[in-house]
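**Q** prediction below, plus the sequence it came from.
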Number of protein chains: 2
Amino acid sequence: MDESYYVRGDGVVRADSIWGILRGLETFVQLLVPMSNGLLLTRRTEIYDQPRFKYRGLMLDSARHFVSKAKILQLIEGMAYNKLNVFHWHMTDDSAFPYVSSVFPELSAKGAYRPELTYSKADVLEVVKFARMRGVRVVPEFDTPAHTASWGASHPEIMTKCAGKFEGQIGPLNPTKESTFDFLYKLFSEIKTLFPDKYLHLGVDEVDSACWESNADIQDYLKAHGLDNGDLPYRYLERYSANISAMGWLQMVWQEAMIENSYMEWPKGTIAQVWFDYKKTMATLTKKGHDVIMSDGWYLYVLDTGADWEKLYNVEPTDFNGNKAQKAHVIGGEACLWSEWINEHNVLPTTFPRVSAIAERLWSPVEELSVDEARLRLEEHNCRLMARGIEARPANGFGLC
Amino acid sequence: MDESYYVRGDGVVRADSIWGILRGLETFVQLLVPMSNGLLLTRRTEIYDQPRFKYRGLMLDSARHFVSKAKILQLIEGMAYNKLNVFHWHMTDDSAFPYVSSVFPELSAKGAYRPELTYSKADVLEVVKFARMRGVRVVPEFDTPAHTASWGASHPEIMTKCAGKFEGQIGPLNPTKESTFDFLYKLFSEIKTLFPDKYLHLGVDEVDSACWESNADIQDYLKAHGLDNGDLPYRYLERYSANISAMGWLQMVWQEAMIENSYMEWPKGTIAQVWFDYKKTMATLTKKGHDVIMSDGWYLYVLDTGADWEKLYNVEPTDFNGNKAQKAHVIGGEACLWSEWINEHNVLPTTFPRVSAIAERLWSPVEELSVDEARLRLEEHNCRLMARGIEARPANGFGLC
């Protein structure tokens, strides 16, 4: 995505790509100053601009609490106003499977909270198209092998039955059964038809091997194949990742997938999403030549009284020990709307204008970033967001709008 | 307000007052359990109930950020679902004067953010009626003598021009001019026609005397009357309060008005609203026989990640050193929506379901209050609020609804 553009106040927008034109038009809109007589003036200016990072994302977890399509479209609209370019849709999790699949309709029939709290194929296609028209990619994530309890509601056969002290619990997808991978292949073949983006986010976070290790069938399998418990996550990843690659997808994963499976040979272009312990994680992964994006410190459910955008603004993705080549592997960052504490009713004011602070950090040259200089700019921008229909909360504790 | 009632699961609601009937009906609605066939069943039960405190309020600051009438009605609807019974409307402040007065239309013409960010008389009457139909009183506050910069935009003659190191600033209403009290008399005579409640909240918080003391005319006045700087707040209060009493209003004030004017003879029934240092303040004021309500710890703009309703729930208004008679002077409490960080878009999910925790604390016997026992009850109640159209945020980090 080449997003560079040139804008002049008298109405010239030039770029080498449609994405650059979109960003330039957004800037042009922001140059407009409303006059008291109802006319709009533009500022006399000339701007050559391009983003510092190519990946500037917002993730929504639509599983823990459902968020309606209408609110998702508003989120994406607001992303475009902030020149964010990737909507990462964390579709499923332990608590719910809201996507209505054609090949496996029982996944949502039994795994969604309620029939009306689901996304049809038409909904997904509408979101993807709406985003594309605004220069926003949509990267889906159907997190596996953990965070899949909702899958087990209709497909217990792909899950792991825990034993011993975990007796009665259901664990991650079973990596020792061919049928697990057949199932995934069918499901993701369908998903592939809906999401045109090159990337799929595999998830692979917080995989606890304890349940796998407690299962007698899995232990038999390991013995028969000369493997041990330590091979289980790799056994899953290797097969699953190969399938996804075969379908033509590039891959993203949460950081653990790379850190804990250091011998895994990741397909070229695989991106790790860093969400904790970022200084160490970034240093480690970029040293190995992996591309990374930053999410540590950008979990939007973390709340604080007052102007907490300042804290978000001050998170710098390249702030770790590493050489120039390593820093170049930081390709961007992503704000995350994990929805334990977020639902339909607070998703927009939780996001806006706080995400604007992250968006500026990801777009602008690092030497131009200053909380004090950003304060009034953010206030003005927030007024603009609200005037354009975004349900944003106050930015600064004073009421310019 | 006698709010006691009797409810039986088979559909009997009895009370000695219309308010009790309203509370009983609310409880009856909460006894309904939806069945999968669409029918509603009631639980087989019998309830004698009455509130622990007679004053259970929610304050909205509609000055720092404007909140539309539509959202105010939803706030009040949600208050009724939580058996809260006083909507305290902090109408004006330094930043804005959104009420459109007939006698002084210039107050909002020059003191509101924008013409469309105002409340007409018809708006106020609609809010008051809407609230009354739900058993919610509306107590207005047009805060004086401080927090009045927005008044000064059209009526600089009632303000104090600061001098010396405050030169160029405008201070509190001028307590030495008859015209100030004439102005107030005319304005509050109009306000009285809109708000039928017995109480007016005078405000009188955060009065900084420094500007008064810097003004030469005020100093001359003090000399001429044999007064000194310390008499200024009292000089204001005495006159203003007498006028308000003469209009037939009982009075509420923020705690400073009583603490700092300990020689003032307050009309019988005056209530102090406690908002900081509550253990000491409550002990002092109740010892003198004043009625008090609790707001310390219940400022809803204070945010924390996660289930922060628990902190609100654990604030106990009677938790101070005092005898039984003193405790009896605690007549309730009030959650406060100061709107530095609150606007149209986040006011409802900031309030609900967090205010439910405060509502239960104020309604139920103290020995029945337990965070652990309240958790699931609040979750269920929050689902009920949302099903009834209240834009509430998640309560507990898990997604029952």
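**A** Thanks, I have it. Residues are numbered from 1 along each chain as shown, chains lettered A, B, ... in the order given.
**Q** can we go C-alpha only for contacts and neighbour counts from here?
**A** Fine.
**Q** does chain B sit close to stretch A:354-363?
**A** No - Stretch A:354-363 is not in contact with chain B by Cα under 8 Å from any Cα of the partner chain; minimum separation 12.3 Å.
**Q** chain center to that stretch, what's the gap?
**A** 15 Å (Cα atoms, centre = their mean, to the nearest Å).
**Q** what sits up against that stretch?
**A** Under the criterion Cα atoms under 8 Å, 6 or more residues apart in numbering or on different chains, residues A:50-53, A:56, A:82-84, A:298, A:308-310, A:312-316, A:332-333, A:335, A:369, A:378, A:395 lie in contact with stretch A:354-363.
**Q** chain B next: which of these are close?
**A** A:A395.
**Q** partners of the lowest-mean-pLDDT helix or strand in chain A, with directions?
**A** Every helix and strand in chain A was compared by mean pLDDT, DSSP states H and E; the lowest is strand A:32-34, with a mean of 88. As defined by DSSP bridges, the strand partners of strand A:32-34 come to strand A:40-42 (antiparallel).
**Q** what's next to the strand it pairs with, contact-wise?
**A** Identification of contacts with strand A:40-42 by Cα under 8 Å, 6+ apart yields A:9-10, A:28, A:31-35.
**Q** dump these to CSV, plus neighbour count and distance to B:W275.
**A** Formatted as CSV, the contacts of strand A:40-42 follow (neighbours: other Cα atoms under 10 Å in any protein chain shown; distance: Cα to Cα, whole Å):
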residue, neighbour count, distance to B:W275
A:G9, 18, 51
A:D10, 13, 54
A:F28, 21, 47
A:L31, 18, 44
A:L32, 14, 44
A:V33, 12, 42
A:P34, 11, 41
A:M35, 9, 43
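**Q** how about the residues of the stretch 101-250 of chain A near chain B?
**A** So the stretch 101-250 of chain A meets chain B at A:Y113 (Cα under 8 Å from any Cα).
**Q** is whichever residue of the stretch 101-250 of chain A sits closest to chain B in a helix, a strand, or coil?
**A** Residue nearest to chain B within the stretch 101-250 of chain A: A:Y113 (7.6 Å; Cα to the nearest Cα). Following DSSP: H, G, I helix; E, B strand; the rest coil, we place A:Y113 in the coil state.
**Q** thought A:M159 was touching A:L173?
**A** Yes - contact criterion Cα atoms under 8 Å: A:M159 and A:L173 qualify, at 4.3 Å.
**Q** taking the contacts of stretch A:354-363 one by one, which sit in helices?
**A** Among the contacts of stretch A:354-363, the subset assigned to helices under DSSP state H consists of A:309-310, A:312-313, A:378.
**Q** out of those, which end up buried?
**A** A:309-310, A:312-313, A:378 (16 or more other Cα atoms under 10 Å in any protein chain shown).
**Q** from those, which two are the most distant?
**A** Within those, A:L312 and A:L378 form the most distant pair, 12.9 Å apart (Cα to Cα).
**Q** where does chain A dip in pLDDT?
**A** Of all residues in chain A, none has pLDDT under 70.
**Q** redo that, cut-off 80
**A** Applying pLDDT under 80 to chain A flags residues A:399-401.
**Q** how's it carved up into domains?
**A** Following automatic domain parsing, one gets these domains for chain A: A:1-50, A:52-159+A:183-202+A:241-387.
**Q** end-to-end on the shortest one?
**A** Looking back up the chat, that one is domain A:1-50. With Cα to Cα, to the nearest Å applied, domain A:1-50 spans 11 Å between its terminal residues.
**Q** can I get the ones in helices among the contacts of stretch A:354-363 in JSON lines including distance to A:F66?
**A** Shown next, in JSON lines, are the ones in helices among the contacts of stretch A:354-363 (distance: Cα to Cα, whole Å):
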{"residue": "A:W309", "distance to A:F66": "25"}
{"residue": "A:E310", "distance to A:F66": "28"}
{"residue": "A:L312", "distance to A:F66": "25"}
{"residue": "A:Y313", "distance to A:F66": "28"}
{"residue": "A:L378", "distance to A:F66": "29"}
